[in-house]
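Asker: Let me see the structure of the following:
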Amino acid sequence: MNKKALLIFGIGLAVTFLIFSYLRKDDPRLYHITGQTMGTIIYNVKYVGQEIEDLDADIAKELVAFNQSLSTYIPTSEISILNKEGQFTFQSDFFLPILQKSREIYESTYRTFDPSIGPLVQAWGFGPDKNIPNIDSAAVDSLKQIIGYDQVSFDEKAIQMPKNFQLDFSAIAKGYAVDAVGGLLEAKGLKNYLVEIGGEVRCRGNNSEEKSWSLGIEDPTVNQDEQRLMAIVRLRDKSLATSGNYRNYYEKDGKIHAHIIDPRTGYTANHNLLSASVFAEDCMSADAYATAFMVLGMEQSQQIIEGRNIDAILLYRSEDGQVKSYVSEGIRPFLEMNKAE
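Answerer: Numbers count the residues shown, from 1 in each chain. Below you'll find the predicted structure:
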């Protein structure tokens, strides 16, 4: 081959390489964005598609705005102002949807999902102060007089509460934040993604292998500093939230106090249900139902699951001390249990 032919061949090879590289640049790829929100909670966003410029900054900005609306840890947030003044005209788009969803689930869970339990949350040491409390039955009875979400009134513009009422959306906020980030991704044209904030997850479409997203569910029987999976579930176009008494608790006078509080009694919930993992279209609903189930326990949770066609996994300790599971029919084909029977 002469020099001219070699030159033409080399140019052709270079052009082919450039075209191939350009085409590969536009091929869908898996991208991963991570950060921190709500204090120390880590979030993970994975999406399949073309790279979107400044998406990480847009997600961080969305979560800052979310916290400025709904975080009780921020003195200038919308919810902090509401809790101080007892009434409030909405400033952001975040407030009304969470009020509406909370009312829906409050009414469908025998009023056990109640965002007005803020005073009890604080009194039992699970609020922003995190102090181990010194609370007695008289204090509990007194606080129960300023609790009841049915006494909170709101419309599309404003909210009003009775005197001394406090709202706390910590049992639903992570799920709602997941939905908010998911909505942001969809507004940018993404159809295949996973959003996870503090263990609450929303999946849409497929992963980078064009398969359902695989998620792990933690084993609630291991020590707090350990991590082990109880089950693996494959999800597409679903959300997952898990609630349990096995991570957020303290011990006082030889008794364990878990962060799940029963608004009907005013005391922390105490039964054999170890964790509740709930599957729903939106993560806000899954988060709220998971919390309510941890208040209700096995029997009533099962009734709601089967009566409302909700998918869930309930992990509980039987009378003989064994860890067992209740799995709803709809989720069984997508689930692989590692331990519970």
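
Asker: and S243, how far is that from R308?
Answerer: 17 Å (C-beta to C-beta, to the nearest Å). In this view, the C-beta of every residue, glycine as well, is placed from N, C-alpha and C.

Asker: So which of these two has more stuff around it?
Answerer: S243 (26 against 10; other C-beta atoms under 10 Å).

Asker: need the contact list for the more buried one.
Answerer: A171, I260, S275, A276, D287, A290, T291, F293, M294 (C-beta atoms under 8 Å, 6 or more residues apart in numbering).

Asker: For it, name its beta-bridge partners.
Answerer: Counting by DSSP bridges, S243 forms beta bridges with A276.

Asker: Just the pLDDT for it.
Answerer: You'll see S243 listed with a pLDDT of 90.

Asker: Equivalent analysis for the one 5 residues further on, please.
Answerer: Confidence per residue is given as pLDDT, and for N248 that number is 49.

Asker: hmm, back to that, which of the contacts of S243 sit farthest apart?
Answerer: Within the contacts of S243, two members stand farthest from each other by C-beta to C-beta: A171 and S275, at 14.3 Å.

Asker: quick one on the thing from earlier: write the PyMOL selection for whichever of the contacts of S243 are buried.
Answerer: Buried residues among these (16 or more other C-beta atoms under 10 Å), as a PyMOL selection:
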select buried, resi 171+260+275+276+287+290+291+293+294
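
Asker: mind putting the contacts of S243 in CSV, pLDDT and secondary structure included?
Answerer: Formatted as CSV, these follow (pLDDT from 0 to 100; DSSP: H, G, I helix; E, B strand; the rest coil):
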residue, pLDDT, secondary structure
A171, 91, coil
I260, 81, coil
S275, 90, strand
A276, 94, strand
D287, 97, helix
A290, 96, helix
T291, 94, helix
F293, 96, helix
M294, 94, helix
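
Asker: can you list the contacts of S243 in JSON lines and add distance to Y110?
Answerer: As requested, those are arranged in JSON lines below (distance: C-beta to C-beta, whole Å):
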{"residue": "A171", "distance to Y110": "15"}
{"residue": "I260", "distance to Y110": "15"}
{"residue": "S275", "distance to Y110": "20"}
{"residue": "A276", "distance to Y110": "15"}
{"residue": "D287", "distance to Y110": "18"}
{"residue": "A290", "distance to Y110": "15"}
{"residue": "T291", "distance to Y110": "13"}
{"residue": "F293", "distance to Y110": "11"}
{"residue": "M294", "distance to Y110": "13"}
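
Asker: ok, the contacts of S243 vs F154, which is closest?
Answerer: For the contacts of S243, the nearest to F154 is A171 (18.4 Å; C-beta to C-beta).

Asker: That closest one and Y289 touch, don't they?
Answerer: No: counting by C-beta atoms under 8 Å, A171 does not reach Y289; the two are 10.2 Å apart.

Asker: Name the residues contacting each of the two.
Answerer: Both A171 and Y289 are contacted by F113, under the criterion C-beta under 8 Å, 6+ apart.

Asker: Next, work out how far apart the nearest residue to I197 once chain neighbours are set aside and L315 are.
Answerer: In this structure, I197 finds its nearest non-sequential neighbour in Y43, 4.4 Å apart by C-beta to C-beta, 6 or more residues apart in numbering. Note on Y43: its distance to L315, by C-beta to C-beta, is 25 Å.

Asker: How about N44?
Answerer: 24 Å.

Asker: Same question for P28.
Answerer: Taken as C-beta to C-beta, the span from P28 to L315 is 36 Å.

Asker: Tell me which of these two has more neighbours.
Answerer: More crowded of P28 and L315, by other C-beta under 10 Å: L315, with 28 against 12.

Asker: got the contact list for that one?
Answerer: With C-beta under 8 Å, 6+ apart, L315 has these contacts: P220, M230, G244, L273, L274, S275, A276, S277, V323, K324, S325, A340.

Asker: so after whichever strand or helix holds it, what's the next helix or strand?
Answerer: For L315, the host element (DSSP states H and E) is strand 311-317. Counting by DSSP H and E, the next helix or strand C-terminal to strand 311-317 is strand 323-327.
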